[in-house]
Structures are given as structure tokens and as C-alpha cells.
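# Pasting the sequence and the predicted model now:
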Amino acid sequence: MSRSTGSEPLPKASAAARNVRLAVVCGVIFCSMVGAAFAAVPLYRAFCQATGFAGTVRRAYTPPTAISNRTVEVAFNTNVRSLAWDFQPNVPSQTAHLGESKLAFFKVTNNSDQPLTGRAVYNVSPDSAGAFFSKLECFCFKNQTLAPHQSAEFPVVYYVDPRFGTDDDTRGIKVITLSYTFFPAKPLAKAAQGDSTTPAPPG
């Protein structure tokens with residue numbers, strides 16, 4: 001009677017089936033990783049807007065119901081990247097009561113001989129103020145297109161939460177700086193899709 005001296009080699013069919021299963025598992029893992037990478041950007045953006053993380057400004061839909069006697073100065077900072085635009089606030093700063101809805105305007109001029117479309121990105125500093133700074137309306141929520149040599153005034157409606165200055169991270173802060181930077185953005189064929197376009201990478 002013969003004795004087995006070790007594990008018997010797998011039949012060719014079984015080895016092929018195992019290789020197919022392994023390839024399928026690897027493919028699923030790869031697709032999951034790619035999907036997670038693409039999902040990370042909007043999820044991170046949503047997290048920042050919900051929490052004010054890293055100075056990201058919240059988007060609000062209703063103003064606070066109470067206005068505090070306390071005030072804070074809101075300064076405006078503007079920048080342009082790879083666009084032939086002038087971009088300046090109408091006033092350098094405003095004094096805002098906490099909880100008060102404030103309206104500010106920014107003047108933008110297209111200095112080129114062709115229409116240009118831009119998208120403004122934004123944040124506030126110091127970063128700890130991001131959780132308390134909210135916008136009700138803003139030109140930065142969608143793309144903006146200017147005709148050759150056209151000038152326009154873009155509004156923003158914002159407020160600072162009445163709780164600002166009551167925690168350790170914001171206590172003693174007298175000035176919040178709201179910063180905007182316009183980047184080129186590709187215009188879309190359908191206006192209804194305008195809100196979904198993101199700025200092109202800086203050149």
C-alpha cells in the first residue's frame with residue numbers, strides 16, 4: 001500500500017477557479033478604493049461646511065432669532081488667480097452685532113476682451129471663527145460670468161453666531177477676516193448645472 005508523502009497538488013480546474021475568485025476580490029477592493037477616493041472630496045467639503053473646520057464658512061438658510069449687543073469687526077480680503085479680473089470689496093471692513101444679518105458688496109471688473117467665468121472659494125480666519133460664521137446668500141455659491149470689460153457688484157449676506165466669543169477658542173477675538181479668491185471656471189451649456197461646476201485648478 002502506498003503512503004502519501006505530502007499534500008496532493010490541486011487539480012488545474014480548482015487552481016483556475018481560485019485564481020478567478022482572487023481576481024474578483026482584488027477588483028472589488030480596487031473599485032471600492034477608487035470610489036472612496038472620489039467620495040472623499042465632497043464628503044470632506046460637506047464636513048467642513050457643517051462644522052466650520054479649517055475656517056470653512058457655513059451656509060445657512062435662516063438668520064438667528066436673537067441679536068447680541070456684542071460686536072465684532074469683519075474684514076474683507078480679496079484675491080484673483082489666473083483671471084484678468086479686478087476684485088475688491090466696496091468697504092474694507094464692517095462692524096457687525098452678533099446675530100445680525102449684514103450685507104456687503106464686492107466689485108469685480110473683467111479687464112479682458114473676452115467673456116470670462118470665475119468661481120470664488122472662501123474661508124475665514126482665524127480658523128476657530130469658521131464654526132460661528134455663516135452665509136445666507138453669496139456670489140460664491142455659483143459661477144460668475146462677466147462680459148468683456150464688464151463691471152458688476154456681487155453681494156454677500158452673512159452673520160456671526162451670537163455664541164461667538166463665549167468659548168476658549170474664540171474668546172478675545174476682535175476681528176474676523178473673510179477671504180475670497182476667484183479662480184477660472186468652465187461655463188456650462190445649461191444654466192441649471194451652474195452650481196455643480198467647480199473651479200479649474202490654478203494655472
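Received, thanks.

# residue boundaries of the helices in the protein?
Counting by DSSP state H, the chain has helices at residues 12-51.

# Break it into its domains for me.
For the chain, automatic domain parsing gives the domain ranges 12-51, 55-196.

# Quickly compare these and say which is most buried.
domain 55-196 (a mean of 16; mean count of other CB atoms under 10 Å). In this view, the C-beta of every residue, glycine as well, is placed from N, C-alpha and C.

# Between its first and last residues, what's the separation in stretch 78-86?
Distance across stretch 78-86, first residue to last, is 9 Å (CA to CA, to the nearest Å).

# can you pull the contacts of the spatially closest residue to D161 that is not a sequence neighbour?
Spatial nearest neighbour of D161, excluding adjacent residues (CB to CB, 6 or more residues apart in numbering): F132 at 4.1 Å. Taking CB atoms under 8 Å, 6 or more residues apart in numbering as the criterion, F132 is in contact with G52, V160, D161, R163, F164, T170.

# what's the distance between F132 and G99?
10 Å (CB to CB, to the nearest Å).

# Surely Y122 is in contact with F183?
No. Under the criterion of CB atoms under 8 Å, Y122 lies out of contact with F183, with a separation of 11.3 Å.

# The contacts of F132 in strands, which ones?
If you go by DSSP state E, the contacts of F132 have V160 in strands.

# can I get the contacts of F132 in TSV with pLDDT and distance to L83?
Shown next, in TSV, are the contacts of F132 (pLDDT from 0 to 100; distance: CB to CB, whole Å):
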residue	pLDDT	distance to L83
G52	41	27
V160	97	29
D161	96	32
R163	95	37
F164	97	33
T170	96	33
